[in-house]
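In: for reference, the sequence and a predicted model appear below.
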2 protein chains.
Amino acid sequence: MPHAYELIYWPGIPGRGEFIRLVLEQAGVPYTDQGVTSPDDGVQAVLGQISATNIGDAANPPPFAPPILRHGDLLISQTPNILQYLATRHGLAPADGPGLYHINGLALVALDGLSNEAHDTHHPVATELYYEDQKEESKKRAKSYIDNRLPKFLGYFERVLQGPKSGEGPWLYGGSLTYADLVLFQGLDGVKHAFPKAVEKLEKSGKYDRVFKLYNAVKEQPNIKKYLESDRRQKYGLGIWRQYPELDAE
Amino acid sequence: MPHAYELIYWPGIPGRGEFIRLVLEQAGVPYTDQGVTSPDDGVQAVLGQISATNIGDAANPPPFAPPILRHGDLLISQTPNILQYLATRHGLAPADGPGLYHINGLALVALDGLSNEAHDTHHPVATELYYEDQKEESKKRAKSYIDNRLPKFLGYFERVLQGPKSGEGPWLYGGSLTYADLVLFQGLDGVKHAFPKAVEKLEKSGKYDRVFKLYNAVKEQPNIKKYLESDRRQKYGLGIWRQYPELDAE
């Protein structure tokens, strides 16, 4: 029997696919992930989906970009959209009511601040150019990210965790682990890889203790722990979170 | 009786608030919008919500940034999140099933490509700096946007409209107008304002006829038409879509 879910994503990097993987792993749901198990087929699967001639099919519009989730005949794309689809079906978010929207809001902020903006630190001028061709601009953008944006995002999540709606325990919302916690964990993990010195300084400042406590609490979840120690967890490389020492804090 | 919905957003620009307004206007739902009716109160409302001391309340986490929607005791933030909340309640998206996710996916692509990336053309290096302090980098980023990204996004939506899942008529999904159409309209309207020459060239190329047909079809919807002619529709200014002639195509 093939698995019910298939993740279609670029091989060789955690990338945006990693947010999806963490939800599936935490939920204990088996899934097919050719990017990890069969990289050549994984590339072909992505290229077929995002081809400039793909107009979709009777059940689906064409996807714009990976990650893409296949579930039976259904194809869903865009990271926060896939997360919402999976999380509401597997106990990591309520299927309706305020929580659905609050958790989605928290996930959207974390994706913007720790994934999209982290990517832009090494590609501020043009996604189609190499980093080496926009290195000077990257230094400026990374400085702004480290000095202003990253503290702003971490400070925001610290306030969320301080607030009454986060409830008891280490989680962002309602006293239990949701996919927003997984997104915050992965975003922060990526940013720690990209800017180890900057994140160490922020951690030592003591201003974001709740955020780092949440990070460690996610890491200790049994399914996540097992996953992070497995071969399925890929190394960071030339994806969203890149370690260029010249972009890190001094 | 106060209106059930209140939009909290910066006064003086359409900005990301405009996506929300168009959904409310198309649905014919009355709403409070101090940014338009009472700009000083509107600013105070935004500042109170995004204050660095706001930790939310018993019903809500603090919002990260506007737009913010208030509905009774509930506060929802992040543009695609508010759009989904309103659209599923007012006939502009199904409340469940594949359409919910497909339409959200289309809206997310349009927001990325025509709003977020359009903003970054004049702020490629740092959001906290003035445009004038990043003008040279903006020229590079705008050229990449006009030459590569904008055609890629319009080409994508042209394929969606060509595909079987878009159905009959001018709309992106399932043969009827959804909030994804409103988002595409507003994004393209903003980009037309920012880069009039570039968009004129793309329109004349004939490669994106379905996209421009959709744009015109949204404009002719009775509620939208009335809104666009009203005082509630604000002029573009120093928001997301800015008209700097030096950034436009030659």
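Out: Sure thing, it's come through.

In: residues contacting the residue nearest to A:Thr79 when sequence neighbours are not counted?
Out: Among residues not flanking A:Thr79 along the chain, A:Arg16 sits closest, at 4.9 Å (Cβ to Cβ, 6 or more residues apart in numbering or on different chains). C-beta: built from backbone N, CA, C; applies to glycine. Counting by Cβ atoms under 8 Å, 6 or more residues apart in numbering or on different chains, A:Arg16 touches A:9, A:66-67, A:79, A:115, A:240.

In: and the gap between A:Arg16 and chain B?
Out: To chain B, A:Arg16 is 12 Å away according to Cβ to the nearest Cβ, to the nearest Å.

In: tell me the backbone dihedrals of that residue, please.
Out: Backbone torsions of A:Arg16, given as degrees, to the nearest 10, read phi -70, psi -20.

In: what do you get for A:Leu75?
Out: phi -120, psi 130.

In: quick check: the gap between it and A:Ala59.
Out: 8 Å (Cβ to Cβ, to the nearest Å).

In: look at those two and report which has more neighbours.
Out: In terms of neighbours (other Cβ atoms under 10 Å in any protein chain shown), A:Leu75 is the more surrounded of A:Leu75 and A:Ala59; the figures are 23 against 13.

In: OK, contacts around the more buried one?
Out: Neighbouring residues of A:Leu75 by Cβ under 8 Å, 6+ apart: A:49, A:59-60, A:63, A:68-69.

In: mind checking pLDDT for it?
Out: Turning to A:Leu75, the model gives it a pLDDT of 98.

In: and A:Met1, by the same measure?
Out: 67.

In: show me where chain A has helices.
Out: A:17-27, A:34-37, A:39-50, A:79-89, A:98-111, A:117-120, A:135-144, A:150-162, A:179-194, A:196-204, A:209-219, A:222-228 (DSSP state H).

In: nearest to A:Pro170, of those?
Out: helix A:209-219 (4.2 Å; Cβ to Cβ).

In: packing partners for that closest one?
Out: Packing contacts for helix A:209-219, counted by 3 or more Cβ pairs under 8 Å, 6 or more residues apart in numbering or on different chains; DSSP states H and E, involve helix A:150-162, helix A:179-194, helix A:222-228.

In: rebuild the ones you listed as a markdown table, extending it with mean neighbour count and distance to A:Ala27.
Out: Output for the helices and strands packed on helix A:209-219, formatted as a markdown table (neighbours: other Cβ atoms under 10 Å in any protein chain shown; distance: least, Cβ to Cβ, whole Å):
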| stretch | mean neighbour count | distance to A:Ala27 |
| --- | --- | --- |
| helix A:150-162 | 21 | 22 |
| helix A:179-194 | 26 | 9 |
| helix A:222-228 | 14 | 8 |
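
In: could you dump those into CSV with mean pLDDT added?
Out: As requested, those are arranged in CSV below (pLDDT from 0 to 100):
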stretch, mean pLDDT
helix A:150-162, 98
helix A:179-194, 98
helix A:222-228, 98
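
In: go through those helices and name the closest to B:Gln234.
Out: Per Cβ to Cβ, nearest to B:Gln234 of the helices and strands packed on helix A:209-219: helix A:150-162, 26.8 Å.

In: ok, the closest one near chain B or not?
Out: Yes. Residues of helix A:150-162 contacting chain B under Cβ under 8 Å from any Cβ of the partner chain: A:153, A:155-156, A:159-160, A:162.

In: would you tell me which of the helices of chain A gets closest to B:Ala194?
Out: helix A:117-120 (19.0 Å).

In: worst-scoring helix or strand of chain A, pLDDT-wise?
Out: Taking mean pLDDT, DSSP states H and E as the measure, chain A has helix A:34-37 as its least confident helix or strand, at a mean of 94.

In: who does that helix touch, helix- and strand-wise?
Out: When contacts are defined as 3+ Cβ pairs under 8 Å, 6+ apart, helix A:34-37 sits against strand A:5-8, helix A:39-50.

In: which one of the ones you listed is the most hemmed in?
Out: strand A:5-8 (a mean of 21; mean count of other Cβ atoms under 10 Å in any protein chain shown).

In: now what about that one, what contacts it?
Out: A:17, A:20-21, A:24, A:29-35, A:42, A:45-46, A:49, A:66-71, A:86.

In: restricted to buried residues, select the residues you listed in PyMOL.
Out: Applying 16 or more other Cβ atoms under 10 Å in any protein chain shown to the contacts of strand A:5-8, the buried members can be selected in PyMOL as follows:
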select buried, chain A and resi 17+20+21+24+31+32+33+34+35+42+45+46+49+66+67+68+69+70+71+86
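
In: might you report the residue contacts of the closest residue to A:Leu161 other than its chain neighbours?
Out: Nearest residue to A:Leu161, sequence neighbours excluded (Cβ to Cβ, 6+ apart): A:Arg210, at 3.8 Å. For A:Arg210, the contacting residues are A:157-158, A:161-162, A:170, by Cβ under 8 Å, 6+ apart.

In: just the residues you listed now: which is nearest chain B?
Out: Distance to chain B across these (Cβ to the nearest Cβ) is lowest for A:Gln162, with 4.7 Å.

In: what count of nearby residues applies to the nearest residue to that closest one once chain neighbours are set aside?
Out: Counting by Cβ to Cβ, 6+ apart, B:Ile55 is the residue found nearest to A:Gln162 once chain neighbours are left out, at 4.7 Å. B:Ile55 has 16 neighbouring residues, counting by other Cβ under 10 Å.

In: how about the one 3 residues further on?
Out: Counted by other Cβ under 10 Å, the residues lying close to B:Ala58 total 8.

In: give me the pLDDT for it.
Out: 97.

In: before we move on, what about A:Ser230?
Out: pLDDT recorded at A:Ser230 is 97.

In: how about the residue in chain A that sits furthest from its center?
Out: When distances are taken from the C-alpha mean of chain A, A:Ala58 lies farthest, 29.9 Å away, according to Cα atoms, centre = their mean.

In: quick check: the gap between that one and chain B.
Out: Separation of A:Ala58 from chain B (Cβ to the nearest Cβ): 5 Å.

In: contact partners for that residue?
Out: For A:Ala58, the contact set (Cβ under 8 Å, 6+ apart) comprises B:164-165.

In: just to check, A:Asn33 is in contact with A:Arg21?
Out: No Asn there; residue A:33 is Asp. Yes. At 7.1 Å, A:Asp33 counts as touching A:Arg21 under the criterion of Cβ atoms under 8 Å.

In: so for these two, which residues contact both of them?
Out: Common neighbours of A:Asp33 and A:Arg21 (Cβ under 8 Å, 6+ apart) are A:7, A:232.

In: how close does the residue nearest to A:Thr79 get to A:Val46?
Out: Going from A:Arg16 to A:Val46 by Cβ to Cβ gives 12 Å.

In: ok, now A:Asp181?
Out: In this view, A:Asp181 and A:Val46 are 28 Å apart by Cβ to Cβ.

In: repeat that for A:Lys197.
Out: 34 Å.
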